[in-house]
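>>> Sequence first, then the predicted structure, then my questions.
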Amino acid sequence: MKYELVAGFETHIELATKTKIFCSCTTEFGGEPNTHCCPVCIGLPGTLPKLNRQVVNYAVKAGLATHCEIAEIAKMDRKNYCYPDLPKAYQISQYDMPLCLNGYVELSNGRKIRLERIHIEEDAGKLIHSHGDTYVDYNRGGVPLIEIVSKPDIRSVDEAKEYVEKLQQVMRYIGISDCKMQEGSMRCDVNISVREAGSEELGTRTEIKNMNSITNIAKAMEYEFERQCDVLESGEKVTQETLRYDDATNSTYPMRSKEDAHDYRYFRDPDLVTINVSREDVAEIKKSLPELPADKCRRYIDELEIPEKDAQLLTKYRNISEYFDEAIKGVKSPKTVSNFIIGQIFSRLETEADKEEFNIKTTPKQLNELVKLLDEGKIRNNLAKSTLEKMLDEGKNATDYISESDMGGLDENALNDLCKQAVEANPKAVEDYKNGKEKAIKAMVGFVMKNSRGRADAALAEQKIKDLIK
Amino acid sequence: MVTREDVENIALLSKLFVPDEELDALTKDMQEIIDFADTINNAVESGDDFDNINNLSNVLREDEVVESLPSREILKNAPEQAEQHFLVRNRE
C-alpha cells in the first residue's frame, strides 16, 4: 500500500523584546543563573503580572506577516501543569481567544500551509538534570513567546523544511525574533500521521516534541513516517503519544506518560485584563512592516527581470535584499548588481550565518558607483570584476583603482595596434585557428584584454583579429 | 463534605504547616467557604461578563528594563539550592 505523510507544526518563537512578558526583567540570553529574575517571574504569591505592550505589537506583526486576522478582543489564560520549570505551576498563555487567527504560509510549489492561530505566552525556566537531581534556572522563565499553530497541511519532509525556513525568514525580516534554533529561540513540535495515499481521513497522530534544528526535524519525520507505515503494514494501529527524537540513535521514543498528562484546566487569568486591539493600531502596525520576502522576490522577478533562483537568494536574508535595493538605485541593469552579489560577494561569505550577517567592506553605494561606470560604458566587465575584488579587500571606492585614462576606453588606433601585437605574439594560436580550431581566437583576445587592462571591447577585438588573420 | 484529610492534603500541596489542634476548626472554616462559594450557583444570570467584572482593558507596560533582584534574594525561599540554582532532588 502507498502511504502519504500528514504533518502539522506548533512553532515557538522567542520575541526580541528587551523585557519579559509580564515583568521588567531583561530577556538577555545567558547570564549567571537566576540573575534575570524578580518576584513576578519566579511566581511568588501576591505579585501582579503586567503585560508588555511590545509583545502585543510583535505578535500582531507576526500575524499580519502571515496573512492572519487580528482579533479585536483577546485575553490571557492559565494553563495548569506541575513541573519544576514552571514556578507558579501554571503557564500564562492564551486558550480560546488568541491574538491572531486563520493565516497561511505559501510554499514555492504554490501550496498554502494554513495557520490556525498565533498566540502569546511565557517561556518556562531551564532545567539541568544531573545525577537524578534537577537544577532550575529561571532566567528564561517569563521570556515572551509566540506559538504558531499550523493546520495538518504539510505533505512531505521537503514541505516541512520549507515551511520552517519560510517562518524563520519572515519573522527575521519583520524583526520580531532572531529565530536561532540552536539557541532555542525557535523550537518546533511536529504532529505527524500517515494515511493511505488519496484518502481524506486523518490517521492517528503522534507528536514529536522540541525539535531544535531543521536537520533533526527532517530526520525525525522520515524516521517516524517509516515507523508508522511499518505499524500499519503489520496490521496494527498507531498509538497516539508524545515522542522525543534522539539524534544519536536517529529514532523516536515515547516520553514518560507522567509528562504527557494533558489536563491543563485552562481558565482565564484573573490578574490580567482584556486585550483590545484597535483597528487603528492594526493599521499603524501594518504600515510599519517592511516589504515581505515573498513580495520582494516577486517584484525582483517581475519588475527587475532577475531570474527566480537569483531572486530567492537575494531575498533569503533581509540584509542582502536591503543591500541590493540600495545598490540598484539608478542603475540600468539590476541583473548586473545581482550577479556581482551572488557571484563575487557570495564567494567570500562561506557560511549561511556569514550571508545573513552580510558584513562586507564595500558599501551598497560603492557597488552602485562601480555598476554605473559599467552602465555608462566607461569601463569593461573584466575591469569591473577585478576592481570589485580590490574594493572588497580594502573597502575603497572604485575610482581609487580606476584612473581617468582607464575610463577613457581605448581609441580605434590603440585597439588596432594591440590586435596586431596579439597576432604577432601568438603564431601557434593563429595556426590553430586557421586549421579550424575556433577556440584558439580566445587566446589572442585574452592578450588584448590583458594588455589593455580590461579596457578593450572583447567582441570588437575578436572581430578585428579575425579580419587580420584572414 | 470537606474532611480533615482534605485539609491536610491541601495544606501539604500548598506547602503550609498546620498544627493538629487547628485542623478541626480549619475543616469547619473550609466547609463554610465552599458553602459561600456555592451561593454563586444560585445567582440569576445577568449577562454580565464575570470574567472581566472591572471592565478594564489594555493595562500594558512599556518595554523598559528594570534591574532584577540579586540571585541570593531570588533563592531565599528555595527549599534547597546549589550552585546558584533551585535544586529539585530526585525522590525515587
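Looks like it arrived, so ask away.
>>> Look up how far residue A:280 lies from residue B:12.
Per Cβ to Cβ, to the nearest Å, residue B:12 is found 52 Å from residue A:280. Where C-beta positions appear, they are placed from N, C-alpha and C, glycine not excepted.
>>> So the two - more neighbours on which side?
residue B:12 (11 against 8; other Cβ atoms under 10 Å in any protein chain shown).
>>> For that one, which three-state class applies?
Secondary structure of residue B:12, reduced to three states by DSSP: H, G, I helix; E, B strand; the rest coil: helix.
>>> Quick check, pLDDT for it.
Model confidence at residue B:12, given as pLDDT, is 84.
>>> I'd say residue A:423 and residue A:430 touch.
Yes: contact criterion Cβ atoms under 8 Å: residue A:423 and residue A:430 qualify, at 6.0 Å.
>>> okay, and the common contacts of those two?
Residues within reach of residue A:423 and of residue A:430 at once, by Cβ atoms under 8 Å, 6 or more residues apart in numbering or on different chains, are A:444, A:469.
>>> A helix includes residue A:225, no?
Yes: the assignment for residue A:225 (three-state DSSP) places it in a helix.
>>> Residue A:255 versus that one, what's the distance?
In this view, residue A:225 and residue A:255 are 19 Å apart by Cβ to Cβ.
>>> Neighbour count for the two, which is higher?
Neighbours per residue (other Cβ under 10 Å) separate residue A:225 from residue A:255, with residue A:225 holding more: 20 against 16.
>>> Nearest the geometric middle of chain A, what residue?
Among the residues of chain A, the one closest to the centroid is residue A:169, at 3.0 Å (Cα atoms, centre = their mean).
>>> can you tell me which residues contact that one?
By Cβ under 8 Å, 6+ apart, the contact list for residue A:169 reads A:293, A:316-317.
>>> Look at it and report its pLDDT.
On pLDDT, residue A:169 comes in at 93.
>>> Over to it: give its phi and psi.
With angles defined as degrees, to the nearest 10, residue A:169 sits at phi -60, psi -50.
>>> next one: residue A:302
Phi and psi for residue A:302, reported as degrees, to the nearest 10, are phi -80, psi -40.
>>> Quick check: residue B:15 is in a helix.
No: read with three-state DSSP, residue B:15 is coil and lies in no helix.
>>> Could you check how far it is from chain A?
11 Å (Cβ to the nearest Cβ, to the nearest Å).
>>> Give me the distance between that residue and residue A:183.
Taking Cβ to Cβ as the measure, residue B:15 falls 34 Å from residue A:183.
>>> higher neighbour count, those two?
Ranked by neighbour count (other Cβ under 10 Å), residue B:15 and residue A:183 place residue A:183 first, with 12 against 8.
>>> For the chain, give me the ranges with low pLDDT.
Using chain A here. Regions of chain A meeting the criterion pLDDT under 70 cover residues A:256-262, A:403-410.
>>> think we crossed wires, I meant chain B
The model of chain B has pLDDT under 70 over residues B:44-51, B:91-92.
>>> Check it for its longest helix and report it.
When chain B is parsed with DSSP state H, its longest helix is helix B:23-42.
>>> wait, does that one contact chain A?
No: applying Cβ under 8 Å from any Cβ of the partner chain, one finds helix B:23-42 separated from chain A by no less than 14.4 Å.
>>> Report the backbone C-alpha coordinates of that helix in CSV.
Only the C-alpha atoms of helix B:23-42 are listed here, as CSV (Å, rounded to 0.1, in the frame of the first residue of the first chain):
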residue,chain,number,x,y,z
LEU,B,23,-7.3,21.0,61.9
ASP,B,24,-10.9,20.7,63.1
ALA,B,25,-11.5,24.5,63.1
LEU,B,26,-10.0,24.8,59.7
THR,B,27,-12.1,22.0,58.3
LYS,B,28,-15.2,23.8,59.5
ASP,B,29,-14.0,27.1,58.0
MET,B,30,-13.2,25.4,54.7
GLN,B,31,-16.7,23.9,54.6
GLU,B,32,-18.2,27.4,55.2
ILE,B,33,-16.0,28.9,52.5
ILE,B,34,-17.2,26.3,50.0
ASP,B,35,-20.9,26.8,51.0
PHE,B,36,-20.5,30.5,50.5
ALA,B,37,-19.0,30.0,47.0
ASP,B,38,-21.9,27.7,46.2
THR,B,39,-24.3,30.7,46.6
ILE,B,40,-22.9,31.9,43.2
ASN,B,41,-24.6,29.0,41.6
ASN,B,42,-27.9,30.4,42.7
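>>> For the helix or strand following it, name the packing helices and strands.
Once the chain leaves helix B:23-42, the next helix or strand it forms, by DSSP states H and E, is strand B:60-61. Packing contacts for strand B:60-61, counted by 3 or more Cβ pairs under 8 Å, 6 or more residues apart in numbering or on different chains; DSSP states H and E, involve strand A:51-52, helix A:53-65.
>>> between those, which one is nearest to chain B?
With Cβ to the nearest Cβ as the measure, helix A:53-65 is the member of those nearest chain B (3.9 Å).
>>> okay, now residue 53: neighbour count?
Just going to use chain A. Neighbours of residue A:53 under the rule other Cβ under 10 Å: 14.
>>> please go with chain B instead
Other residues close to residue B:53 by other Cβ under 10 Å number 9.
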